[in-house]
Structure formats: C-alpha cells, structure tokens
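> quick one: sequence plus predicted model below, questions after.
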Amino acid sequence: MDHVAASLRDRRLDAVRAWTAFVTEGNESVPVRPEILSSWRRSAQGTALEVTGAPLADEDDTASFWQDSPLQAAVMAVQDELRRSAEDGDLVLAVTDTQTRILWTYGGRVMRRKAETVNFVAGGRWDDASVGTNALDLAGRLDQPATVFSAEHFSPIVHNWVCWAAPVHDPVTGERLGVIDLSTTWDRAHPIGLATARMMARMIESAMPDTRQHPRLGLPPVDQGLSLTLLGAAEARLDGQRLLLNRRQTEILALLALHPDGLSLERLHALLYGDAAVSVSTLKAEVSHLRSTLGGAISSRPYRLMLPVTIDVDEVLERIRQGQVLAAVTAYGGDLMPGTNSPALSELAEVVAVAVREALLADPDPDAVLGYSEIAPYDVEVLEACLARLGTTGHRAVPLLRGRLAAAQR
C-alpha cells in the first residue's frame, strides 16, 4: 500500500474512532473540527443514525423550482464541463437550493449507482436534520467551502464517502442560491477536491444570467478588470466573468500580471518556456489569442496588460508582510499552478509556499495551522510548532492538531 493510500486508511480509522466515541459514549472531546462537532450535536437530536436514504421532496415541486431558474440556466451552460469532470473522476455532482434540496445531479458510473441507493438524487433533502452531518449542509450553513470525510458524516449510510461542497452565489447581488457538491468514495479523496468544488461554483456563477436587468436596491459593484487566481485551482476572470483559457494562456497572463511594466517577447519566452524548444511564433499566437479575449488590452513592445489587475499571490504575500498569518492562509488556496513548466512560475511557487510555511512557524496561530494542514497534511514541523506554542493551555484546537500530527507521522 502506498503512502497516500495508507494515510487515507489511517484518516478513516481516526474518523471512525471519533464518531464511535461520540455516538456510543457521548464523548465530545473527540479530535474533529469544530464545525463537524457542532453538526454532530445537531444530528444527534434527530434520526440520522437510522436513515437508509435522504427523505424526498415532492417531485413536481422540485422540477418546477428548477425549471427556468437562474441556477438551471447556469448549470446547463457549463454542464458539458461538469459532466466530464464527474466521469473522469468517477464523482457524483449535485446542485442544491438554499434548503439543501438537490435540484440536479450527474454521476460517473460507479458513484451514480451508490448515489441512487441513498437518495442522493433530485428531490433528496440533505440538511443535517434529515440525514446528519454532510458537506452540502455545512457549505450552505457556513456559506463557505466544506469537506466531510468518511465517518465525519453522522449517518453511517455515507461513511464510505468523501464530499466537497461550495456555495453558489448570484454574482451581482451576492445572494446565496445553493451549493454544488462533489462526492466519491473515501479512498479516492484528493487534496484538490475542495479547490475543485470552489472552482465549479465559480464556473456556475460566471454562467449565471445577468440579474442587473432586474434592478434591486443596494447592489454591490461588479468587479472590474482582470482577476487572477493562481493558488490551488487556477482561473482568470474579466469583469467578474470566468475566462475559458488553457494552462499556457493562464501562465502568460500570470507573468504579465506579475510584471506590470511589461515584458519583451524574448523575456516573456524565457520566463515561460525556459530552455524548452518552443518557437517564438507559438508564443505570439498565444498572446494574440489572449489579446482578442481581453478586448485588445495587451500592448506590444513590450507586452503589457492595459487594464486593472488583481492577483491572489499579491494578497497572500501582503498579508504575510503585515503579520496577518490567518488572513494569509485563508487567501492561500494551495500550491501555485501545480505542474507548471514555467521556470519563473515554479520559482514563485516555491517562494510563496516557503513564505507561508515560515510565517506559520514564526506565528503558529491554531486556526491558521488547521487551515494550512488541509492543504499540506504531512507538514509535521508546523503542527509540532503550534502544539508547542499552545502547551498545556487546553485550547480547543489541541485534540484536532494532535490527531492530524499522528496521521502525518504514520
């Protein structure tokens, strides 16, 4: 058994032990995240332990709500990409309303059958009062992405699952419309699962019908300019709308954003390709495509972005400079463009990763360390530094930190 498989097995055993202690002994000092423990407490008041499947809402009412809704229009616009992801990863995807009622699902071959057996289908009610702790409920309740792994689910019917969910908002009003969830078996859990859910939520939001044709009071301003997310799941947005770019095009935008004074063709080529035998004409073609996508907002001689740009890397590094470790980790979605072949971006990825890690070693804020351990679960030194700082204070995070340290050391 390889290291990843062994780690997942141990993580599952830890979750089962904690769940068993809570359910059979009422032990609330179990090493689980605070949001999981709170949900377990709510779930224990109901019948989630005995359920064999989610209760089903009225079929006609569910279909009527979904039909011609903004969510349906957005999901249908990007359904090909959603379905490919489900099939490639053997996932089951679900989109819910604000009451955690599933409105739409699509699944890979294996997970589709598993989903049907527990009513993870259109009309299924997945609030924790109905089926116990799950990622769909947490993402909606907390209005932030959530992961629930194996026996972190309260109901045994989904102890073999891992689920990642992220809220979906109206991009104009900011109103939460529901969540999107990705689920598979626990042994297929992957560190990028949560980032993928977040990316899919953003993709649905970017395809949402423009509600500005129905004016409302107090609308927040629409984002203007180019926004780049490079940490974790990379994406680019123009005036709030997601751009469909390949990896190389995103890398070019990243390099131009990181060099606001502009880059010559030769310098851009070196930063992007290094010593790889790629022709200059190939780079010119990529830049030409990007210029068209951005409405001409890339100048020549040098290549330079001619519009406002924000980039998540700057946010993380600025928070570190200000000593705001928790805010830095919150903004840090993971490694910068994992797998990039750009020497410049590879170097920056190392700079950012080391900066975040060193900031945590210098100031191991417990909440920041817990967030970081979701991204870097095997960083023993950071976990040890946090536990050493907390000592015998009895801090609420200590049991979970110890649990994660034990898992990382196996």
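That came through fine.
> from now on I want contacts and neighbour counts done on CA atoms only, so please keep to that.
Will do.
> ok, residue 86 to residue 105 distance?
The gap separating residue 86 from residue 105 is 10 Å, by C-alpha to C-alpha, to the nearest Å.
> repeat for residue 49
Distance of residue 49 to residue 105, given as C-alpha to C-alpha: 24 Å.
> before we move on, back to that, can you work out which residues contact both of residue 86 and residue 105?
The contact sets of residue 86 and residue 105 overlap at 92-93 (C-alpha atoms under 8 Å, 6 or more residues apart in numbering).
> quick one: which of the two has more around it?
residue 86 (22 against 19; other C-alpha atoms under 10 Å).
> roughly how far is the helix or strand where the more buried one lies from the heart of the chain?
Here residue 86, judged by DSSP states H and E, is contained in helix 70-89. With C-alpha atoms, centre = their mean, to the nearest Å as the basis, helix 70-89 stands 16 Å off its chain's centre.
> same thing with stretch 127-135?
That offset, for stretch 127-135, works out to 20 Å (C-alpha atoms, centre = their mean).
> mean confidence for that stretch?
Across stretch 127-135, the average pLDDT comes to 93.
> which residues does it contact?
In contact with stretch 127-135 (C-alpha under 8 Å, 6+ apart) are residues 36, 39-40, 42-44, 46-49, 51, 53-55, 99-101, 125-126, 136-137, 146-148, 152-155, 163-165, 181.
> how does it look with 7 Å?
39-40, 43, 46, 48, 51, 54-55, 100, 137, 146-148, 153-155, 163-165 (C-alpha atoms under 7 Å, 6 or more residues apart in numbering).
> buried ones among those residues?
39-40, 43, 48, 51, 54-55, 100, 137, 146-148, 153-155, 163-165 (16 or more other C-alpha atoms under 10 Å).
> narrow the residues you listed to those in helices?
Counting by DSSP state H, the buried ones among the contacts of stretch 127-135 place 39-40, 43, 137 in helices.
> TSV for the residues you listed, including distance to residue 263?
What follows is those, written out as TSV (distance: C-alpha to C-alpha, whole Å):
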residue	distance to residue 263
39	52
40	54
43	57
137	47
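> and the residues you listed, which is closest to residue 67?
Within those, proximity to residue 67 (C-alpha to C-alpha) peaks at residue 137, which comes in at 22.7 Å.
> go through the helix holding residue 86 and flag the buried ones.
For helix 70-89, by 16+ other C-alpha under 10 Å, it's 70-75, 77, 82-83, 85-87, 89.
> of the residues you listed, closest to residue 408?
For those, the nearest to residue 408 is residue 89 (25.2 Å; C-alpha to C-alpha).
> check the gap between the closest one and residue 196 for me.
Distance from residue 89 to residue 196, by C-alpha to C-alpha: 11 Å.
> farthest residue from the center of this structure?
residue 301 (37.8 Å; C-alpha atoms, centre = their mean).
> residue contacts, that one?
residue 264.
> for residue 386, same thing?
Contacts of residue 386 (C-alpha under 7 Å, 6+ apart): 364-366.
> can you do 6 Å?
residue 364 (C-alpha atoms under 6 Å, 6 or more residues apart in numbering).
> got it, and residue 232?
Contacts of residue 232 (C-alpha under 6 Å, 6+ apart): 333-335.
> apply 7 Å and report the result again.
Here residue 232 is in contact with 195, 333-337 (C-alpha under 7 Å, 6+ apart).
> from these, which is closest to residue 404?
Nearest member of the contacts of residue 232 to residue 404, counting by C-alpha to C-alpha, is residue 334, at 18.0 Å.
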